[in-house]
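[1] Predicted coordinates and the sequence they were generated for:
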Amino acid sequence: MFAYRLPLFQLFGLRVRMHPSWLLLAWLVLWSLGAGYFPYAAPGLAPWVHWAMAGSGLLGLAVSVVAHEMAHAVVGRRFGMPVAGITLFVFGGVAELEAEPTEPLGEVLMALAGPLFSVAAAGLFYGLEDLTVGPTAVVLDYLGFLNLLLAGFNMLPAFPMDGGRVLRAALWAWRGDVVWATRWAAAGAAVLGLCLMAVGLWQLMEGAIAAGTWWLVIGFFVRAAAAQACRRQVEAASPPA
Ligand SMILES: [Zn+2]
């Protein structure tokens, strides 16, 4: 999926790497926080304070994304699904599964581990926000919301995203056929991807160029990821003749 990745560090035996596209996300986040959100949420501060807040926010985002993927990896490994490492890229992060799940329960627990961890992290950031004041509290508030967003977006039922994995595992447990379950979960993701693209087109027509382009690209990516994951599962289930 990624041709080139920059190694960052290793934690719990997992290689954390960065695809160059992450820099685009980092730049977008830094710019929208430093020039847009923080001047609005914490007015009356010097510009360098807003940019320092934006830098902290970006760092917190990177840590939150890696922690979410780590939670998947640790639970996945526990249930016989080894994870080679974690890659940061333009849409966040992805844990690289070395083997597809062998039973539905393991897949559900692995899929839920990330969003549950993000919800817990949101609680921690909101709790810390109550203990602080000023710019620190505003950044912690942003990180609390960001982790809720991370959990919510990943629970969209679009295989191979977390919510889509839960859906696939439920279909799998119901009919006992992983290929059939994967085909239906991937078909659902393809429809959802089209919906996201429709939202993007609508926003483009409304004149929201940046947001519209973003949703179009995300919708396209959701469809491509579902098709790729479906192909891989079908190939894994049918040994070469
Ligand atoms: Zn996840």
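    Everything's here; your move.
[2] Now do the buried residues in the lengthiest helix in the chain.
    Assignment by DSSP state H gives helix 47-78 as the longest helix of the chain. Within helix 47-78, the residues that count as buried by 16 or more other Cβ atoms under 10 Å are 49-54, 56-58, 60-62, 64-77. For every residue, glycine as well, the C-beta is placed using N, CA and C.
[3] Enumerate the residues of the chain near the ion.
    Counting by Cβ under 5 Å from the ion, the chain comes close to the ion at Gly114, Asn154, Asp162.
[4] Which one (most neighbours) among these?
    Among the residues of the chain next to the ion, the one with the most neighbours (other Cβ atoms under 10 Å) is Gly114, at 28 neighbours.
[5] How about the contacts made by that residue?
    By Cβ atoms under 8 Å, 6 or more residues apart in numbering, Gly114 lies in contact with His68, Glu69, Ala71, His72, Ala151, Asn154, Asp162.
[6] gap between the most centrally placed residue in the chain and Ala170?
    Centroid-nearest residue in the chain, with Cα atoms, centre = their mean: Gly92, separated by 4.8 Å. The spacing between Gly92 and Ala170, counted by Cβ to Cβ, to the nearest Å, is 24 Å.
[7] With Gly193 instead?
    When distance is defined by Cβ to Cβ, Gly193 is 20 Å away from Ala170.
[8] Pick out whichever of those two has more residues nearby.
    Neighbours per residue, other Cβ under 10 Å: of Gly193 and Ala170, the larger number sits with Gly193, 21 against 15.
[9] That one and Val217 touch, don't they?
    No - the pair Gly193 and Val217 does not pass the contact test of Cβ atoms under 8 Å, sitting 10.7 Å apart.
[10] ok, and the residue of the chain found nearest the ion, which helix or strand is that part of?
    Using Cβ to the ion, the closest approach of the chain to the ion is made by Gly114 at 3.1 Å. For Gly114, the host element (DSSP states H and E) is helix 104-131.
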